[in-house]
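# Sequence plus predicted model, see below.
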Amino acid sequence: MPGRPGIAPQSPPPGRRPGPVGVQGPPRPRPTGRRWQRIHLNPHLSKRWRAGLGVLGVFLVLAICGISSYMIVLDEQRGVQAQANNTGPKPTATPVDISNRNVDPNPLTTAEVFPAGTIVLDPARPELVYTMIGAPQELTNCNSATDGEINKLIGGLNCSQVIRATMATPESIPGYVVTAGIMNLENEEGAEKAYEQINPIVKDKKGRFVGYVINSPAADKERTKNLALSSTAVGWTIKGHYLAYCVIARKDGQAVKNDDPYAEQIMFDIVKTYLKGIVLEQRAFDPVTEGAATPAPSGTPSP
């Protein structure tokens, strides 16, 4: 291999002649017998070592068995703990399919949508209360709640009912009156179509939602008349095959401006938080009674 010296016969050094050849004496006698011998261990010491190694082996086996048993028990405990952690609290409600009236055939009721004379959005804020003016109303002719091209749109989507009510705003939002309602359309596709097409109709002033004026007693009619007589603001959203909306008017008869912060707050409270987030959310879930088997969900709620 490169880097290793070669092996070759040596010659005498240059300039020196080999020494004289003498008569060599007889060769030295070679040692006889073996140059190594077996060393025997002390037999008593050997037995003690063997005994010690045997005891050590027993301890090792016992240690391995003990560790294996401990790991098995530990795995079982982890499995039980994981099962306990996965149990968790039992569900209090199961989702219900409300994508169309075939799977959600029961109509809305005034008691379902407006069960009390007030709407309390947050129990921690008792001052934020909307108070009913008159009684809620159910309409089977949806055209009574809309006007213009929205009439045609809603009629073509096979609207079967409207549940609506008119209420006064909280003291923290003074000077407004609002009609809140839910329309029962045939299916989710129709609700999505309405959601998209209402906006250009309202912007172009080709149609509108009609507020609910309380005709009796006279005091209530006076408080709510501007829902029909003045310029109003409207907000709407959808969930499943339902269209939730509100109509807002000022009590002084002035027009509601596009950037009115009070009107935006009312729309958020009534349409998003109450009608969609509470009323329709409850329709999209069935409560589970304690001790009853959890039924398989019949569908999933629409966003």
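Structure's in. What do you need?
# Okay, residue 141 and residue 162: tell me how far apart.
Separation of residue 141 from residue 162 (CB to CB, to the nearest Å): 8 Å. Quick note: C-beta positions are derived from backbone N, CA and C, even for glycine.
# need the helices for the stretch 51-200 of the chain, in chain order.
Using DSSP state H, counting those that start in this stretch, the helices of the stretch 51-200 of the chain run over 110-113, 149-156, 188-203.
# Residues in a beta bridge with residue 286, which ones?
residue 94 (DSSP bridges).
# I'd say it and residue 92 touch.
No: using CB atoms under 8 Å as the test, residue 286 is too far from residue 92 to be in contact (10.1 Å).
# So for the two, which sits in the more crowded spot?
Higher neighbour count among residue 286 and residue 92: residue 286, with 14 against 10, using other CB atoms under 10 Å.
# Report pLDDT for residue 126.
At residue 126, the model reports a pLDDT of 81.
# meant to ask about residue 121, not that
Note for residue 121: predicted pLDDT of 89.
# burial count for residue 215?
Other residues near residue 215 come to 11 when the count uses other CB under 10 Å.
# now do residue 265
Burial of residue 265 is recorded as 16 neighbouring residues (other CB under 10 Å).
# Tell me the spacing between it and residue 120.
16 Å.
# Also residue 147?
For residue 147, the distance to residue 120 - CB to CB - is 32 Å.
# can you give me the helices in the stretch 201-303 of the chain?
So, for the stretch 201-303 of the chain - with DSSP H, counting those that start in this stretch - the helices run 218-224, 226-229, 261-267, 281-283.
# nearest to residue 235, of these?
helix 261-267 (3.5 Å; CB to CB).
# Could you list the residues in contact with the closest one?
Here helix 261-267 makes contact (CB atoms under 8 Å, 6 or more residues apart in numbering) with 169, 173, 175, 176, 178, 233, 235, 246, 248, 256, 257.
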